[in-house]
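need the 3D shape of this:
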Amino acid sequence: MASSEPTISDAITQLAVTHASKILLTVGLFTAGVLFIKSPIMDNMAPQL
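As a prediction, this is how the structure comes out:
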């Protein structure tokens, strides 16, 4: 019975790591998108009307 407890804590740890990685990926992509929109590359891509 003691051998099942580490597997439960390992599962909780894996779940926490998975959620943390999803959050970090989302924040990273959001930051990259904002930096791309603010960059001069975006100004060159958009036509000046």
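
center of the chain - which residue?
Centroid check for the chain by C-alpha atoms, centre = their mean gives L25 as the closest residue, at 1.3 Å.

helix, strand, or coil at that one?
Under DSSP: H, G, I helix; E, B strand; the rest coil, L25 falls in the helix class.

same check, this time on P47
Applying three-state DSSP: P47 is coil.

how many residues are close by it?
Neighbour count for P47, taken as other C-beta atoms under 10 Å: 5. C-beta here means a position set from N, CA and C on the backbone, and glycine is covered the same way.

from V34, how far out is it?
22 Å (C-beta to C-beta, to the nearest Å).

can you check M42 too?
Taken as C-beta to C-beta, the span from M42 to V34 is 11 Å.

equivalent analysis for D43, please.
Distance of D43 to V34, given as C-beta to C-beta: 15 Å.

and the helices in the chain?
4-38, 40-45 (DSSP state H).

from the rest of the structure, what touches the shortest one?
Translated: helix 40-45. F36 (C-beta atoms under 8 Å, 6 or more residues apart in numbering).

tell me how far that helix is from the chain's mean position?
Per C-alpha atoms, centre = their mean, to the nearest Å, the displacement of helix 40-45 from the mean C-alpha position of its chain is 25 Å.

I'd like the average pLDDT over it.
Mean pLDDT, computed over helix 40-45, is 83.

ok, S39 - how many residues close by?
Neighbour number of S39 under other C-beta under 10 Å is 11.

for the remainder of this discussion, apply numbering that starts at 492.
New numbering, starting at 492: the last item is S530.

that one and G524, how far apart?
Counting by C-beta to C-beta - S530 and G524 are separated by 11 Å.

between those two, what contacts are shared?
Common neighbours of S530 and G524 (C-beta under 8 Å, 6+ apart) do not exist.

show me the shaky parts of this structure.
Within the chain, the ranges that satisfy pLDDT under 70 run 492-497, 539-540.

try 90 this time
492-512, 528, 530-540 (pLDDT under 90).

any idea how many residues pack against G524?
10.

what separation do you get for it and I499?
Taken as C-beta to C-beta, the span from G524 to I499 is 38 Å.
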